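Engineer: what follows is a predicted protein model with its sequence.
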Amino acid sequence: MSWGIELWDQYENVSQHTQKGIEFLERYGHFLRDRSSIEIEYAGKLRKLVKTYFPKKKEEEDFQFTTCKAFKDMLNELNDLAGQHEIVAESFAANVIKEINVRVRELKDDKKKQLSDGVRYQANLTNQLGSLDRSKKNYEKSFREGEKAYEAFQRADADLNLSRAEVEKTRLQSLYKSQQSEDSKKEYANQLDKSNELQNSYYKNLMPSVFQGLQDLDEKRTKCFKNYLIQATEVEKNVYPIVNKCLDGILRAAADINETLDSQQVIDRFKSGFQPPEDIPFEDLSAIKSGDAPPPQTNGNGNTLRGDTHLLTYKGTINSGKLKKRSGIFGIFGNNKPGAGEGRDDYSELPPNQRRKKLQQKIDDYASKIQLENAAKDGLVKMQSVYQQSPQLGDPAAIEGQLRESMGKLQKLQLELQKYQTYLSEMDNAPLPQNYLHTQNGMRNSQHRSSGSDESLSRSASDLSSNNQKPSTPLPSHGYGSSNSPESGISTSHTSIPDSDFDAIDADTPDFYEQDPLPVLGTCEALYPFDATSEGSIPMADSEQLFVVELDQGDGWTRVRRQNSLEEGFVPTSYVRITLYSNC
C-alpha cells in the first residue's frame, strides 16, 4: 500500500490531508492546554473553598464533635484532592503539551520539504512538456514550409517559360526547407524522448518518493497522537490511586461519626456538676399563726426568703440563664456584663465540672511544654559537652546564655504547672471555690441594680447639679427604695422560676451572701471631694486613699472600701485615680 502508486494523481488532496492532520495534532495540544487551565482553576477554587470553610482557631472547641471532626478531615482530603488536579495540569504542561508543540514544528518542516520537492519536480516536468510542445510546433511549421518549397520547385520545373537559373533557385530553396524540416523533426524527437523519460521518472520515481514522504509523515503524526493520548491518560490514571485514597479518607471520616460520643461530648462540655434544686417546702400559714411552725424568713421588703438551693448559680447553668442583663441607666452598679468574671487563671467563674476540665487542660498543656523545654535543654547540654571535648567545633561559653534562658523558661513553666495543680487540688478538697460567693454577689448586684426607683434618680440628679464643676458624675440607680441597697453588697438572687416572688433576698442574711468581704483589687486616690447623697454611694474627701473592691463595669461607678473600716460604697470613676495590684 503506497500513496505514490494508489494516489499518483491526487497530489493536491494528499497535501491538504496532511495539512489537516498536522492541524488536528496541534488542536489536541491546545485542548490539553485549556484542560490544564481548567484543572488549575478547579484546584484553586477547591483550595479557596477549603480555606473558607476550614475551622478557625476560635471554633476549635466546637470541632471536638465527631461530625465536626469528620467535616474537617473531609476538608483536608479535599485539599489533597486539589493537589492531584494541580499535578495533572503540571504533567500535561511539562510533558505532553511540550512534546506536542515540538512534534508539530517537526511535522510542519518535514511537510514543507516534501511539498517543495514535489513543486520542483512538477515544475521540471512542466518545463519539459513546454519544450516538447514548442519543438513540435516548430517541426510542424518547418514541414509545411518544406512541402510548399517542393511544390514550388515542381511547378517551376514544369514551366517552360522559366529560365534554367530560376528553376535552379527554386530547387535550392526546396532543398533548404526540406533540410530545416528534418532538423526540426530531429529536435522534436529529441524533446519527445526527454519528455517521456522525465515523465516516466516523475510518475514512477520522483512523485512516488514525495507521496511516500507525506505518507510517512502522516503515519508518524497518527502514531504520535496515539502516544500522546495514552500519555495524557496515564497522567490522570497515576493520580487516581491517591484520589481514591482521598475519597477513602472521606469515607473513613464519615464512618467515624458517632452520635453517642457526640452526646457524651455535649455532657462533658456543658455539665455544671450541680444538683437540681430540692422541692419548695409548703408554708402552712395556719400552723405559723398558731405557733406550731416557725415564721418564714423575709428580706424586709415583704418577700419571703427561700432556701439557698436557688442561690448558687453559675454562668452557663439554667438558673443563671434567667438573669436579666442591665440596660440604660438602670443597673449601673453590676458586674454582669458579657465577659465579666472571665479570663481568671483559676477559672473560678466556671461550674465545677467545666472548671476541672479547664484546669486539667492547662496542666496537660504545661506538662507538654515542660517536656519540650527539657528536650531543648538536654540538647544544649549535649552541645556544650561536645564543644568542651572539641573546642574547634564551637565555644562552650556561647551555650551558657542559652542554657540560662532555657532554665528560666523551665522554671516559669514549672511554677505555672504547680499553680494549676494547686488550683485543681484545692478544688478537689473544697466543694466550692472561695471567690464563688463574690462572683454570685456581683451577678446578684447587677440584677438588683437593673430596677431603680424615681426617688433615687432624682437624688442622683441633685448630685450631678451640686458637682457640675467637676467631671460628670454618672447617675446611679438603687433598688426598691430600701436601705439595703445593692451597693452594700446585699442584693437579689434570681432562680430558675421566672415571674415569682423569689426575686429578693432579705439583707438580714449576710452570713450566707457575704461570708468574706470582696477581695481588694488595688487602691485609689480621690481627685475631687464627693458628697454622697444617693443611696449606695459613700462620700470621700480630696486626696483620700481607698481600697478598690470592684472595677467600673462600664456604668461610670467604682466600688471602694475605706482603709480604716469595712464601709463600702460606690464613687464616680472619673473622681479617682486607680492603681491596681500586679496580680489583677
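Structural biologist: Structure received.
Engineer: so who does Leu49 touch?
Structural biologist: Applying Cβ atoms under 8 Å, 6 or more residues apart in numbering, we find Leu49 in contact with Leu78. Any C-beta I mention is one placed from the backbone N, CA and C, and that applies to glycine too.
Engineer: wait, a strand at it?
Structural biologist: No: membership of Leu49 in a strand is not supported by DSSP: H, G, I helix; E, B strand; the rest coil, which gives helix.
Engineer: relative to Ala89, how far out is it?
Structural biologist: Between Leu49 and Ala89 the distance is 18 Å, computed by Cβ to Cβ, to the nearest Å.
Engineer: quick check: which ranges of this protein have low pLDDT?
Structural biologist: Residues of the chain that meet the criterion pLDDT under 70 lie in 288, 291-343, 429-516, 584.
Engineer: which helix in it runs the most residues?
Structural biologist: Criterion DSSP state H: the longest helix present in the chain is helix 98-158.
Engineer: what element comes up after that one heading to the C-terminus?
Structural biologist: Next helix or strand after helix 98-158 toward the C-terminus (DSSP states H and E): helix 164-201.
Engineer: buried residues in that next one?
Structural biologist: Neighbour counts over helix 164-201 (16 or more other Cβ atoms under 10 Å) mark 167, 170-171, 173-174, 177-178, 180-181, 184-185, 187-188, 191, 195, 198 as buried.
Engineer: stretch 369-380 too?
Structural biologist: Applying a neighbour-count criterion of 16+ other Cβ under 10 Å, the buried positions in stretch 369-380 are 369-370, 373, 377, 380.
Engineer: most widely separated two among these?
Structural biologist: Across the buried residues of stretch 369-380, the longest distance by Cβ to Cβ is 16.4 Å; it joins Lys369 and Leu380.
Engineer: which residues in this structure form strands?
Structural biologist: Assigned strands in the chain, in chain order: 522-526, 545-550, 557-562, 568-572, 576-580 (criterion: DSSP state E).
Engineer: possible to save those strands as CSV with mean neighbour count?
Structural biologist: Supplementary listing: the strands of the chain in CSV, determined by neighbours: other Cβ atoms under 10 Å:
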stretch, mean neighbour count
strand 522-526, 18
strand 545-550, 20
strand 557-562, 23
strand 568-572, 24
strand 576-580, 14
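Engineer: what's the closest of those to Lys136?
Structural biologist: Using Cβ to Cβ, the strands of the chain put strand 576-580 closest to Lys136, at 124.3 Å.
Engineer: all helices for the protein, in order.
Structural biologist: In the chain, the helices defined using DSSP H lie at 3-6, 11-53, 66-91, 98-158, 164-201, 207-255, 259-270, 285-290, 352-389, 397-429, 436-449, 454-466, 510-513.
Engineer: which secondary structure elements does the fifth one contact?
Structural biologist: For helix 164-201, the packing partners by 3 or more Cβ pairs under 8 Å, 6 or more residues apart in numbering; DSSP states H and E come out as helix 98-158.
Engineer: next, the angle from the helix it packs on to helix 207-255.
Structural biologist: What separates the directions of helix 98-158 and helix 207-255 is an angle of 160 degrees, with axes from the mean of the first three to the mean of the last three Cα atoms, to 10 degrees.
Engineer: so what does helix 98-158 touch, helix or strand wise?
Structural biologist: Taking 3+ Cβ pairs under 8 Å, 6+ apart as contact, the helices and strands that helix 98-158 lies on are helix 11-53, helix 164-201, helix 207-255.
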